[in-house]
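Asks: what would the 3D arrangement of this be:
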Amino acid sequence: MSCSINIDFDQRLLQLAFDLYNLQCEDSSSATSAPIDATYTDCVVVYSSDIVAQIVGKNGCRIKSLSERTNTYINTPSRRGEPVFVITGRKLDVLKAKTEILSASEHFNRLTRKKLVMGTLDNVMELVAVPYPYVGVVVGKLGYNIKKIQQLTNTFIKSPTIGGDPFFKITGNPENVHAARKEILTRVAWYTGWNNL
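Replies: Okay, here's the model as predicted:
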C-alpha cells in the first residue's frame, strides 16, 4: 500500500514539474524552446539594450538560429531589463552559444562606437607609433586593453595588423585622441621605461 502511494506521489510531482516547465516555456515569448536534457545554465551580459536588439535580430531570427544551431534554450532580455542573456543546455553547447553572443556583442558594439565617433564633425585622426614588440601589451589579451582605452576616451582605435606597421590609428575629437594617445604610450612606458609622451 505504501509503495503505491509513493509511486502515485512521485508521478504527481513529475506531472507538476512537467506542467510548470511547459507553463514557463509558454510564458517566455522572447525565448526559444528548451532542450529536454538541459543541465547547465550560464549568463551573458552585453553592453546595452541596443546591442541586444541587434543580436536578437528582426523578429528574433538571429537568436532563434543560434539556439537551433547550438541546441540551447536562450532567454533574451526584455526591452527595459538588464542586457543579460540566459542560456541553458549541455555545457559545451552553452559555451558555444555564449561565445557567439559575446562575439556578436563585440562586433555590434564596435560598429556602434565607430558610427558615433566617425559621425562627429570635429574629429581628428592620429597615428601613434609603438615599438613592434609592445603592440601586444597595448592591445591586451583578446583586445581587452585597447577596448578599455576606447571606452575610457570615447575614441575609435584601429590596432596594427600582424606583419604591418606598428601604428595605432586613433579617431575622435582632439581632446579624446590626445587622452587615448597618452593611455597607449603610458602602457608602453610602464613595460619599457621608454618615454615619448
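
Asks: show me what residue 129 is bridged to.
Replies: For residue 129, the beta-bridge partners are residue 167 (DSSP bridges).

Asks: domain ranges for this protein?
Replies: Residue ranges for the domains of the chain, per automatic domain parsing: 29-113, 124-192.

Asks: can you redo those as CSV with mean pLDDT and mean neighbour count?
Replies: Every C-beta, even on glycine, is put in place using the N, C-alpha and C of the backbone. Converted to CSV, the domains of the chain look like this (pLDDT from 0 to 100; neighbours: other Cβ atoms under 10 Å):
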stretch, mean pLDDT, mean neighbour count
domain 29-113, 79, 16
domain 124-192, 87, 16
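
Asks: if I look at residue 91, how far off is residue 70?
Replies: Going from residue 91 to residue 70 by Cβ to Cβ, to the nearest Å gives 12 Å.

Asks: where along the chain do the strands fall?
Replies: 40-45, 73-75, 84-89, 124-129, 156-158, 167-172 (DSSP state E).

Asks: now those in JSON lines, with distance to residue 191?
Replies: Below are the strands of the chain laid out as JSON lines (distance: least, Cβ to Cβ, whole Å):
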{"stretch": "strand 40-45", "distance to residue 191": "30"}
{"stretch": "strand 73-75", "distance to residue 191": "41"}
{"stretch": "strand 84-89", "distance to residue 191": "35"}
{"stretch": "strand 124-129", "distance to residue 191": "15"}
{"stretch": "strand 156-158", "distance to residue 191": "18"}
{"stretch": "strand 167-172", "distance to residue 191": "15"}
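
Asks: residue 178 is nearest to which of the ones you listed?
Replies: strand 124-129 (8.2 Å; Cβ to Cβ).

Asks: contacting residues for the most centrally placed residue in the chain?
Replies: Centrality entry for the chain: nearest residue to the mean C-alpha point is residue 102, 3.0 Å, by Cα atoms, centre = their mean. Residue 102 makes contacts with 44, 46, as judged by Cβ atoms under 8 Å, 6 or more residues apart in numbering.
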